[in-house]
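Engineer: Sequence and predicted structure, then a few things I'm wondering about:
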Amino acid sequence: DQQVKQNSPSLSVQEGRISILNCDYTNSMFDYFLWYKKYPAEGPTFLISISSIKDKNEDGRFTVFLNKSAKHLSLHIVPSQPGDSAVYFCAASARTGNQFYFGTGTSLTVIP
Amino acid sequence: DVKVTQSSRYLVKRTGEKVFLECVQDMDHENMFWYRQDPGLGLRLIYFSYDVKMKEKGDIPEGYSVSREKKERFSLILESASTNQTSMYLCASTTGAGNYEQYFGPGTRLTVT
């Protein structure tokens, strides 16, 4: 059973607008969440993370929001740029940190 | 910069062949992972290792085995390749518990015919 879900397989956004990517999880033991970005023919690269003791983490154009009661996190990209076009994966881990659970990915297209 | 390298970018093998996928990291990381990525299924963990000669099964270990004889090298072995093992294989590493950021290799696209 998928413990981390990304229900939108794809998203298209105009350049300069906000991109919002969503992720839901089912396991209440998860306490650390990450977003990865993947270009075709490359491995995923780490983008931003958040611990369960926070509800928001910001890094430049990227902000991750965590709603623990809803078991939901989202990634906001503002402003979106064509170079942001990629597949975005969310991932979650419990306190031991040895195993990570990934969502199915959302393919973001930023239209110039 | 952390570097994770994988022995092949593209590989074509026949059904029944034994296949070795090699992964090397150069940052003295404790933990190493093998995933496969399939459309609509995301990244699924096959095996991981938290120390030399130590291994743990992930979510889909059937049909695979692993070897970690040296800290920097983690090998994935398909004992008898089957067509349903056609996939993108990704290797990753982390420093260990408390550091959650994974560094990924570029992936190996394996096709089994």
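Structural biologist: Nice, I can see it.

Engineer: number of nearby residues for residue B:104?
Structural biologist: Residues within reach of residue B:104, counting by other CB atoms under 10 Å in any protein chain shown, total 23. Where C-beta positions appear, they are placed from N, C-alpha and C, glycine not excepted.

Engineer: Which pLDDT value goes with it?
Structural biologist: With respect to pLDDT, residue B:104 scores 95.

Engineer: Could you do residue B:41 as well?
Structural biologist: pLDDT, residue B:41: 89.

Engineer: Quick one: neighbours of it, just the number.
Structural biologist: Residues contacting residue B:41 under the criterion other CB under 10 Å number 14.

Engineer: try residue B:10
Structural biologist: 10.

Engineer: The closest residue to it other than its chain neighbours and residue B:35: what is the separation?
Structural biologist: Closest residue to residue B:10 apart from its sequence neighbours, by CB to CB, 6 or more residues apart in numbering or on different chains: residue B:109 at 5.0 Å. Using CB to CB, to the nearest Å, residue B:109 is found at 13 Å from residue B:35.

Engineer: okay, those two: which has more neighbours?
Structural biologist: A direct count of neighbours by other CB under 10 Å for residue B:109 and residue B:35 places residue B:35 higher, at 28 against 16.

Engineer: Parallel or antiparallel, which strands does the helix or strand where the more buried one lies pair with?
Structural biologist: Here residue B:35, judged by DSSP states H and E, is contained in strand B:31-38. Note on strand B:31-38: by DSSP bridges, its sheet partners are strand B:42-49 (antiparallel), strand B:87-94 (antiparallel).

Engineer: Assess the claim that residue A:43 and residue B:102 are in contact.
Structural biologist: No. Residue A:43 sits out of contact with residue B:102 when judged by CB atoms under 8 Å, with a separation of 9.4 Å.
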